[in-house]
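[1] Here is the input, now give the coordinates:
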Amino acid sequence: MKNVTLKDVAMKAGVSPSTVSRVVSDDSRISEKTKQKVLKVMNELNYYPNSIARSLANKKTDTIGVIMPSYEEDIFMNPFFQEGLRGISLVTGKNSYDILIATNHEGEKDVDVLKRVIKGNRVDGIILTRSNEKDESIKYLRESNFPFVLIGSCLEYDDIPSVDNDNEKASYELTSLLIKKGRKKIAFIGGELHSVVIKNRFEGYKKALNDNNIKFNHEYLISDKFSEESGYKLTDKLLKLNDIPDSIIVADDLMSLGAMKKIKEEKYKVPKDIMLASFNNSILAKYSNPSITSIDINSVQLGKRACEKLFNILNNNKKLENNKEIVEYKIIERDSTKII
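    The predicted structure follows:
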C-alpha cells in the first residue's frame with residue numbers, strides 16, 4: 001500500500017504543497033475555506049503529517065516530557081508513578097499532546113536526562129516527578145528558562161512552579177495517630193534521605209515525637225531505595241535491634257509490603273505486636289493482609305494539576321503559575337493500626 005504524501009494531498013485539493021504545509025502548521029495566512037478543503041482531503045486520503053516535519057513547522061513537538069527516577073529503581077512497580085502518570089495523561093489527552101517518559105541511561109545523572117531531552121528538541125515542557133536537596137535538574141531548568149513543573153517541593157528556590165502535599169503535616173498526623181494508640185517506640189523507614197519528600201516526612205515524624213515528649217531514637221530511622229526489597233531488608237534490621245519498635249511508619253506502600261512480609265516471617269502479629277502505617281494509599285495497601293493504614297496523597301490529582309500548570313505556562317501564563325500548590329491528603333485507617 002502506497003504511503004500518502006503531502007504532494008498527493010496538494011494535487012487532489014488543487015493547491016500547492018506549501019499551502020498544505022501551512023495548513024498542517026495552522027498558519028493564520030491560510031483562509032478558513034482553503035483550510036477546510038485541505039483538511040477534508042487529508043481525511044479522505046488518511047494522510048497523517050510526519051511528526052518531525054510538523055514540529056519543525058510549528059516549532060512545537062506536541063509532547064510533554066515526564067522525568068522519572070533512576071533506572072536502578074523499578075519505577076513502574078510503584079503505584080505513585082502509575083497514578084501520577086494517569087493524572088498527567090488525562091490532561092495531555094485533552095490537549096492532543098503525547099507523553100515522553102525519560103529515565104536515566106546507565107552512568108547518567110538526572111540532569112543528563114534533561115539535557116538529552118531538551119537539547120534534542122524532543123519536548124515542549126517538562127514534569128519532574130521528584131526532587132532532591134540541591135537539585136541539579138531544577139537548577140539547570142531554571143538557568144535554561146525551559147518550561148517545567150515539579151511534583152514535589154524545592155528547598156532552594158521559592159519561585160518553582162510545583163504541586164505537592166503538606167508532607168510534614170501528613171507525617172505528623174500519622175505519627176500522632178500511632179501515639180494516641182499507645183505506641184511510643186515508633187520507627188521510620190524512608191527512601192533516600194536526600195529526597196525532599198522523605199526529609200519533610202521525617203521532620204513531621206520527629207516533631208510529633210517531640211510534641212508528645214517521646215525521645216527520638218536514632219536506631220529507629222532507617223532508609224534505602226523505594227522498593228519492596230528495601231522495605232523487607234530495612235525491617236529485618238529493625239527487628240534485630242535489642243529494643244524492637246512497636247510500630248513502623250513506612251514512606252511508601254511498595255516498601256510497606258516488604259515490611260509486612262518480614263514482620264510476618266518473624267512471627268510478629270500486625271497490629272497487636274507491631275503497627276504498620278504508610279503513604280500513597282495504593283491498591284497494595286488496600287489488599288494487603290492485613291490491610292495497611294495509609295495516607296491518600298491523591299496521586300492522580302498531583303499529576304493532573306502539575307500538567308495543567310505546565311500547559312498554563314506553555315500558553316504564556318507563566319507568572320500565574322510560579323507558585324507552590326498544595327493538594328489535600330487524608331489518612332485511610334485500616335487493619336494494620338486497629339486493635340479490636
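[2] What is the burial count for the spatially closest residue to residue 206 that is not a sequence neighbour?
    Of all residues not flanking residue 206 in the chain, residue 216 sits nearest, at 5.8 Å (C-beta to C-beta, 6 or more residues apart in numbering). The way it works is simple: take the backbone N, C-alpha and C, and place the C-beta from them, glycine included. As a burial measure, residue 216 scores 12 neighbours (other C-beta atoms under 10 Å).
[3] For the stretch 101-250 of the chain, which segments count as strands?
    In the stretch 101-250 of the chain, the segments counted as strands under DSSP state E, counting those that start in this stretch are 125-128, 148-151, 162-164, 186-190, 221-223, 247-250.
[4] pLDDT of the fourth one, averaged?
    Right, strand 186-190. The predicted model assigns strand 186-190 a mean pLDDT of 96.
[5] again, but for the third one
    Predicted confidence along strand 162-164 averages 96 (mean pLDDT).
[6] helices or strands up against it?
    Contacts defined by 3 or more C-beta pairs under 8 Å, 6 or more residues apart in numbering; DSSP states H and E place strand 162-164 against strand 148-151, helix 299-314, strand 324-326.
[7] cool, the longest one as well?
    Contact partners of strand 186-190 among helices and strands, from 3+ C-beta pairs under 8 Å, 6+ apart: helix 167-180, helix 196-211, strand 221-223, helix 228-239, strand 247-250.
[8] Buried residues, the fourth one. List them.
    Using 16 or more other C-beta atoms under 10 Å as the burial criterion, the residues of helix 228-239 that qualify are 228, 230-235, 238-239.
[9] Counting neighbours, what do you get for the nearest residue to residue 280 once chain neighbours are set aside?
    Distance criterion C-beta to C-beta, 6+ apart; nearest residue to residue 280, sequence neighbours excluded, is residue 253 at 4.5 Å. The local packing of residue 253 (other C-beta under 10 Å) involves 26 other residues.
[10] swap in residue 140?
    Count around residue 140 with other C-beta under 10 Å applied: 17.
[11] so it sits right up against residue 114, yeah?
    Yes. Taking contacts as C-beta atoms under 8 Å, residue 140 lies within contact range of residue 114: 5.8 Å.
[12] one step back: can you say which of the helices and strands packed on strand 186-190 is packed in most?
    strand 247-250 (a mean of 29; mean count of other C-beta atoms under 10 Å).
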